[in-house]
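S.K.: fold the following, please.
(2 chains)
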Amino acid sequence: MGQQLRSEEMTLCQLFLQSEAAYACVAELGELGLVQFRDLNSATNAFQRKFVNEVRRCDEMERKLRFLEREVRKDNLPIVSFGDNPEAPQPREMIDLEATFEKLENELNEVNTNAEALKKTFLELTELKHILKQTQQFFDEVGMGPWSTSNPRGSKKYQVGAIHYHSGSERAWDDDGILQMADGGPTHDEHATLLGEDARGQPQNAAGAAALKLGFVAGVILRERLPSFERLLWRVCHGNVFLRQCDIDVALEDPVSGDLVSKSVFIIFFQGDQLKAKVKKICESFRATLYPCPDTPTERREMSVGVLTRIEDLNTVLRQTQDHRHRVLAAANKNIQNWVVRVRKIKAIYHTLNLFNLDVTQKCLIAECWCAVNDIDRIHYALRRGTEKSGSSVPCILNRMDTKETPPTYNRTNKFTAAFQTMVDAYGVASYREINPTPFTVITFPFLFAVMFGDCGHGLIMFLFALWMVLKEQGIMAQKSKDEIWNTFFGGRYIILLMGGFSIYTGLIYNDCFSKSLNIFGSAWSIKKSDLSNDSSMLLPSKNFDGTPYAFGVDPIWQLATNKIPFSNSYKMKVSVILGVMQMTFGVMLSFYNHRFFQNRLNIICEFIPQMIFLMSIFGYLVLCILGKWMTYYENPSCAPSLLLMLINMVMFSYPASDGTCITESFYTGQQFFQVILVLIAMACIPWILLAKPLILRKLWLAQNGQYGTLNTVQVQQKDETQIIYNEDGTIAQQPAMQETVVNNAGHDFGHGITLDNFDFGEIFINQAIHTIEYCLGSVSHTASYLRLWALSLAHAQLSEVLWNMVLRVGLNQDGAMGGIVLFLMFGFWAGLTVMVLLLMEGLSAFLHALRLHWVEFQSKFYHGEGYLFAPFSFESILHNAELEDSA
Amino acid sequence: MPICGKKSAVMCSVLSAWGVIMLLLLGIFLRMNSVAFAEDLEIHAKTRSEYLIEINRKYRAASLNCWIAAGLYGVTLIVSFHQYCLNQKARNT
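M.R.: Purely as a prediction, here's the structure:
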């Protein structure tokens, strides 16, 4: 318990590591995860450190591993993770690892380049195949019929219809003798050959043949580029070229990116070299690939046969390459996770070694670290193991050091308290050795939540859900879900479990189960048959109450009462105030333990005692009055004293004169006198808190200054008398001056622990004034703030009742055969809304309010939260963080 | 054939189990003429004897409805659990 109440006692240690043993020792400490190293070279940048080369090599290895992983993923191999934790390898193994990775990377690179080259050839051949096929088809069509109709694109805007072949021997070019555009397609067509030299046995005019010497290029272009390509060709060549295109119906694989792209085959006819150059340029600029296409059909046929055989061969080779790559990756895949862990460990070790100082003799490394006093033996043992492993004969030395710095806060947690500790740390990490609210939060948090979430049905569902998470813990953790919301729920499973359990309890107290009451023990109220005829009658305790109250919680008869809400309001409101005052008083009491632990007698006398008196004399008194009122029976309810008015009158010293009516009567005899005394005491406490501490400090400072003259610093001590450090030259004055830090001046004990360091009366006084106002006003507003317990619980009860009445009642009220089915549907609807609105939304709001009550109302009474977290060097957390980064 | 995925099968099973348990209990309480449900069943009658008969009739009908609905949830429980098993099998193979 003592360990959970306060953070671990920490100490700063100096560590002398033999250079040859340093690596092994740090590895051992990393596995242990109990020391936090300090950076001793903070002045030097990352590149000036000793082991920068090793870190770089690790980076390089990590890069290679990432590359491997990416390749593995590309091949759709599942990444196997055995979850094993290999030890950090020896430094000499690093070379082996590097060699392995180098080899693998080279091999993969080679395979990849080969595969790429092969794929490129394959692509070219396929494209060529398509070109040959299409051109062949095209030439065939031309040979057989009018090509306007065979044009796959249908009518073209600039259909070249103008290679007019006039029938007979008179064929000639029209007008200017070049290709001409017309809309209607060829005017005449007598199975003319397109190309002059195409040996079709057609007799030709010699002059015409020269003019008809049409050249053509064939190629492949990306389909989406085709329209602009076409347009540009038309514009640049003034319509003097003829373009035929045809889509390739299979998508081709891009060898570089591996994406599938769709392409089109095109063939362009033109006349003359100038046009040819232009066309080629345009093709180039559109990244179209041109392929040599033979002119004669026989050559084309031969070529396409050749291409087909080459494609066959290539396919075989490609398959073999793929198989080889797959084998290499599968072999690597088995080890990747293991390698990743090992490399990360090496890197972490060298990073840590970079934090160390080098001894003048270069023989040993000096490290400084924070560690818990209780762990020193384990650290010694780990160091000895490290030394043995490295084969060094000289042991490592661990020295405790004295320091003026505030050590980090280290709260040991287990899986149960970890979530609660996180919740407390989210507000602020406890100052070193301050009381840690977590052990109390474990119970008070779920309890306050349940006060707001009081419904045993909802509580049961929540409890069962959390119970499932807790029981299946191992399995769920192994799944490593990346869903953030789910991980939040799962991380807080123990909190939810307790919240559910406490909700069942408060639900039974409120007697609410899905807004219905359970009559387990039999109601203590009864109605005589003669009174039944009255539609609504008041039950009087004297007549209808059988004397023994309902055994546990609220009597179920209240569910049917018309004044249920006024009753439950008054009850829940009072309960909230009582719980609130209890928790705040507890918080103030904890501040006493803090002051006592830090031997701060001044704070006990000037803060704790007046604060306690102030709280008790007003709000403690209120709680007593509430309990008193509960125990008193008022025959006439209007005669019951109003406690709120009483409290207001008490502070305002107004006491109405008794005029004979019961309402002006005092609650008890001597009420006025007692209340006046209480208010006066409470008022006296305000200047006590405000003035006492600054004035006493000032007096002490004056007395001390007179005696010591130039001594301006009297510093820290933590119960241990040997650690007092006097500093004459004022260097420590730069350390943050802590008001609460204790000085136990061995030679001159004032008996109050105080720091008189750079004493500034104005500052201290203003600080104290803020503190006083905050406390006195706070105790009023915080008490009011606890009324949220009532408000939220009222809202929850009302909402669940409304849901039942609006939805499930419809189902219950059905007559006839359809009733069951309607109820079936309505229940599903009701259950869905119950989970979404009442459990999730209301649960979240109750959670947040409970969190606020703890952070603000409870912790403000004693908690400073000015510490910083102990972040030990541990492989576990480093690997965990790296994994998180990977998945992000 | 799995109709729904693993998560929806689990959700339906849980909802069905909840429905079966809660509706069975509701049916029993209604059969016992539990006063807690008096406001849920709108009972209208003129005379006292009529009132008593009406109460009994309403409660009986409601409890029967509850059991029918519980039975329907039993069916959905079986179906969704079967779906869950199919999903598990599909995942394992």
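S.K.: tell me who's in contact with A:Leu314.
M.R.: By Cβ atoms under 8 Å, 6 or more residues apart in numbering or on different chains, the contact list for A:Leu314 reads A:118, A:121-122, A:125. No exception for glycine: its C-beta is placed from N, CA and C like everyone else's.
S.K.: which of the residues you listed sits closest to B:Asn33?
M.R.: Nearest to B:Asn33, judged by Cβ to Cβ, of the contacts of A:Leu314 is A:Phe122 at 83.5 Å.
S.K.: how close does the nearest residue to the closest one once chain neighbours are set aside get to A:Val111?
M.R.: Spatial nearest neighbour of A:Phe122, chain neighbours left out: A:Leu314 (5.0 Å); criterion: Cβ to Cβ, 6 or more residues apart in numbering or on different chains. With distances taken as Cβ to Cβ, to the nearest Å, A:Leu314 is found 16 Å from A:Val111.
S.K.: on that earlier part again, the residue nearest to A:Phe122: which element?
M.R.: helix A:297-353 (DSSP states H and E).
S.K.: close to chain A: what parts of chain B are there?
M.R.: B:15, B:18-19, B:22-23, B:26, B:30, B:34-42, B:48, B:61-62, B:64-69, B:71-73 (Cβ under 8 Å from any Cβ of the partner chain).
S.K.: near the closest residue to chain A within chain B, how many other residues are there?
M.R.: Here chain B gets closest to chain A at one residue, B:Ile68, 2.6 Å apart by Cβ to the nearest Cβ. B:Ile68 has 20 neighbours, counted by other Cβ atoms under 10 Å in any protein chain shown.
S.K.: that one and A:Gly820 touch, don't they?
M.R.: Yes. At 2.6 Å, B:Ile68 and A:Gly820 qualify as touching, with contact defined as Cβ atoms under 8 Å.
S.K.: A:Val265 belongs to a strand?
M.R.: Yes. Assessed with DSSP: H, G, I helix; E, B strand; the rest coil, A:Val265 lies in a strand.
S.K.: which residues touch it?
M.R.: Contacts of A:Val265 by Cβ under 8 Å, 6+ apart are A:127, A:130-131, A:134-135, A:218-220, A:245-248.
S.K.: can you rerun that using 10 Å?
M.R.: Contact analysis of A:Val265 by Cβ atoms under 10 Å, 6 or more residues apart in numbering or on different chains lists A:127-128, A:130-135, A:137-138, A:218-221, A:244-248, A:291.
S.K.: report pLDDT for the closest residue in space to it that isn't next to it in sequence.
M.R.: Distances taken as Cβ to Cβ, 6+ apart put A:Gln134 closest to A:Val265, at 4.4 Å, once the chain neighbours are dropped. A:Gln134 carries a pLDDT score of 80 in this model.
S.K.: tell me, how many neighbours does residue 53 end up with?
M.R.: As the question left the chain open, I've gone with chain A. By other Cβ under 10 Å, neighbour count at A:Asn53 equals 10.
S.K.: right idea, wrong chain: chain B
M.R.: 12.
S.K.: before we move on, the earlier item: give me phi/psi at the residue nearest to A:Val265?
M.R.: Per-residue torsions, A:Gln134: phi -70, psi -40 (degrees, to the nearest 10).
S.K.: hang on, it packs against A:Lys263?
M.R.: No. A:Gln134 lies out of contact with A:Lys263 (Cβ atoms under 10 Å); the separation is 11.5 Å.
S.K.: what do the two both touch?
M.R.: Both A:Gln134 and A:Lys263 are contacted by A:220, A:247-248, under the criterion Cβ under 10 Å, 6+ apart.
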